[in-house]
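> starting from these lines, generate the structure:
(2 chains)
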2 protein chains.
Amino acid sequence: MPELAEPRRGRPGYDQAAVLDVAVAAFNEYGYDATSVAVLADRLGISKSAIYHHFASKEALLEMALDRALTSLEGVLAEADAAPGEQAAALSAADRLDRVLRGAVHVLVEDLPSVTLLLRVRGNTDVERRALARRRTFDREVTALLTEAREEGSLRSDIDARVVERLLFGMINSIVEWYRPGGPEDADRLADDVIAVALDGLRTSAPRVSPPPAP
Amino acid sequence: MPELAEPRRGRPGYDQAAVLDVAVAAFNEYGYDATSVAVLADRLGISKSAIYHHFASKEALLEMALDRALTSLEGVLAEADAAPGEQAAALSAADRLDRVLRGAVHVLVEDLPSVTLLLRVRGNTDVERRALARRRTFDREVTALLTEAREEGSLRSDIDARVVERLLFGMINSIVEWYRPGGPEDADRLADDVIAVALDGLRTSAPRVSPPPAP
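Next comes the predicted model:
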């Protein structure tokens, strides 16, 4: 959990969330190690002590950003199990997987900067290692869901579930490399596309071999 | 093209290719900017001038590594059009696409370090910008192939071909993040898995909705 869970109000226009947004953008642009609190203060046009008013340290900024992305992703799994007013038992594993993949695309599109930061974490500090551990737990739970969908017969069983999980999230995570908000694809459309590729496949059922020419 | 196309023989055990391999590994580990020729000389246990015997500059090492990865990828497209002894016209666009995706997985597995380096290039120098331009040409040619496969009716036409291209190569390129040679999946198996996810889809044709319970 982040060190400062309670939002603190600071100067007008710079509440905790605004400082965090600027920090995440800078971490993504220059790298976390290369971004000093002085650089952040410069970008915000405030003093370093004004930043320390909101966050105990640069690492607390990183921790809160990673927590935001991870909490959203974990929420996707929890909601797939049982959306409000639904019974979990009513949903097939394939339907829950569909929801998880769509939900992950939405999280990525709606919090592109924090997810981008999360995907670049390499485990150099305790904060980063804890974030990686939460990501691994998420990956394991998705893998378990894939296994369940195979066992119920709704997904093909000739591929290792761990490899499938990596390929699916490799595809989804790669969206951070090119997606820009406000483009022609919104999150719903992009989620449809991911499902179309991953679950239904690109091939049509049309014959792949042309019929012989008429005599 | 790399500055030094002719292999030069140097000291025993350190020909040009061996120096390049060590350099690529170091660039991937520390980043290109952070890796000096002195660090490379240290790693190889040879002098800086012994490295300059093989390569005019650090940038020439980068250029040759990127050229190696790009030449392999471009070869995949060329071979998909017409393998030796075949007529290009005999192949459907869908079959050529199948070959391109499988071929790209093979290139990645067989030259993991150079492809990893290529995927991290951000366009900071002329050498990097030329490499990115070649990658964009490759992406455009794959997109054209996807469009052709849609037009022949073998791929679904409800997704933008550029988005599909990005999702497919997002999935394939993500393999560099986790694949380690010598694991349980070889290149052929991994290529089968990518095709299974991307072209055929994970869903079986089994009914997704359970039949109503017997009365």
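
> quick check: A:Thr35 vs A:Leu155, distance?
Between A:Thr35 and A:Leu155 the computed distance is 42 Å (CB to CB, to the nearest Å). Every residue, glycine included, has its C-beta placed from N, CA and C.

> could you dump the strand or helix carrying A:Ala25 to CSV, C-alpha only?
In the assignment (DSSP states H and E), A:Ala25 maps to helix A:16-30. Output of helix A:16-30 as CSV, limited to C-alpha atoms (Å, rounded to 0.1, in the frame of the first residue of the first chain):
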residue,chain,number,x,y,z
GLN,A,16,-1.9,15.1,-4.5
ALA,A,17,-3.4,13.6,-7.7
ALA,A,18,-2.1,16.4,-9.9
VAL,A,19,1.4,16.0,-8.5
LEU,A,20,1.2,12.3,-9.1
ASP,A,21,0.1,12.7,-12.7
VAL,A,22,3.0,15.0,-13.5
ALA,A,23,5.5,12.7,-11.7
VAL,A,24,4.2,9.6,-13.6
ALA,A,25,4.6,11.5,-16.9
ALA,A,26,8.1,12.5,-16.0
PHE,A,27,9.1,8.9,-14.9
ASN,A,28,7.8,7.6,-18.2
GLU,A,29,9.6,10.2,-20.2
TYR,A,30,13.0,10.3,-18.5
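
> so for that helix, mean pLDDT?
Averaging pLDDT along helix A:16-30 yields 93.

> how about that helix: buried residues?
Residues of helix A:16-30 classed as buried: A:Gln16, A:Val19, A:Leu20, A:Val22, A:Ala23, A:Val24, A:Ala25, A:Ala26, A:Phe27, A:Asn28 (neighbour count, 16 or more other CB atoms under 10 Å in any protein chain shown).

> circling back to that earlier point, more neighbours: A:Thr35 and A:Leu155, which one.
A:Leu155 (24 against 20; other CB atoms under 10 Å in any protein chain shown).

> wait, the more buried one touches A:Ala94, no?
Yes: counting by CB atoms under 8 Å, A:Leu155 touches A:Ala94, with 6.2 Å between them.

> shared neighbours, the two?
Residues touching both A:Leu155 and A:Ala94 (CB atoms under 8 Å, 6 or more residues apart in numbering or on different chains): A:Ala149, B:Arg203.

> could you list every helix and strand in contact with the lengthiest helix in chain A?
Taking DSSP state H as the criterion, chain A has its longest helix at helix A:126-151. Using 3 or more CB pairs under 8 Å, 6 or more residues apart in numbering or on different chains; DSSP states H and E, the elements in contact with helix A:126-151 are helix A:58-81, helix A:93-110, helix A:161-173.

> elements contacting the helix holding A:Ala25?
Helix A:16-30 is packed against helix A:37-44, helix A:48-54, helix A:58-81, helix A:112-120, with contacts defined by 3+ CB pairs under 8 Å, 6+ apart.

> buried residues in the first one?
Within helix A:37-44, the residues scored as buried using 16+ other CB under 10 Å are A:Val37, A:Leu40, A:Ala41, A:Leu44.

> related to what we said a few turns ago, between the longest helix of chain A and helix A:58-81, how many degrees?
10 degrees (axes from the mean of the first three to the mean of the last three CA atoms, to 10 degrees).

> wait, what's in contact with A:Ala131?
A:Glu63, A:Leu66, A:Asp67, A:Leu70, A:Leu118, A:Val121.

> same list (those) but as JSON lines, adding pLDDT.
Output for the contacts of A:Ala131, formatted as JSON lines (pLDDT from 0 to 100):
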{"residue": "A:Glu63", "pLDDT": "97"}
{"residue": "A:Leu66", "pLDDT": "98"}
{"residue": "A:Asp67", "pLDDT": "97"}
{"residue": "A:Leu70", "pLDDT": "98"}
{"residue": "A:Leu118", "pLDDT": "97"}
{"residue": "A:Val121", "pLDDT": "91"}
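
> TSV please, covering these and showing distance to chain B and neighbour count.
Formatted as TSV, the contacts of A:Ala131 follow (distance: CB to the nearest CB, whole Å; neighbours: other CB atoms under 10 Å in any protein chain shown):
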residue	distance to chain B	neighbour count
A:Glu63	23	23
A:Leu66	18	24
A:Asp67	22	19
A:Leu70	18	21
A:Leu118	13	25
A:Val121	12	19
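
> outline the domain layout of chain A.
With domains defined by automatic domain parsing, chain A comprises A:8-55, A:58-200.

> now do the last one: distance to the chain's middle.
Offset of domain A:58-200 from its chain centre (CA atoms, centre = their mean, to the nearest Å): 6 Å.

> now the end-to-end length of it.
End-to-end span of domain A:58-200 (CA to CA, to the nearest Å): 44 Å.

> winner for burial among the domains of chain A?
Among the domains of chain A, domain A:58-200 has the highest mean neighbour count (mean count of other CB atoms under 10 Å in any protein chain shown), at a mean of 18.

> and of the helices and strands packed on helix A:126-151, who's closest to B:Ser114?
Taking CB to CB, helix A:161-173 is the member of those nearest to B:Ser114, at 19.0 Å.

> mind saving the C-alpha coords of stretch A:154-161 as PDB?
Written as PDB, here are the backbone C-alpha positions of stretch A:154-161 (Å, rounded to 0.1, in the frame of the first residue of the first chain):
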ATOM      1  CA  SER A 154     -14.700 -23.700 -24.200                       C
ATOM      2  CA  LEU A 155     -11.000 -23.000 -25.000                       C
ATOM      3  CA  ARG A 156      -8.600 -25.200 -27.000                       C
ATOM      4  CA  SER A 157      -6.500 -27.300 -24.800                       C
ATOM      5  CA  ASP A 158      -3.500 -27.900 -27.100                       C
ATOM      6  CA  ILE A 159      -1.500 -24.800 -25.800                       C
ATOM      7  CA  ASP A 160       0.100 -24.400 -22.400                       C
ATOM      8  CA  ALA A 161      -2.100 -22.000 -20.300                       C
END
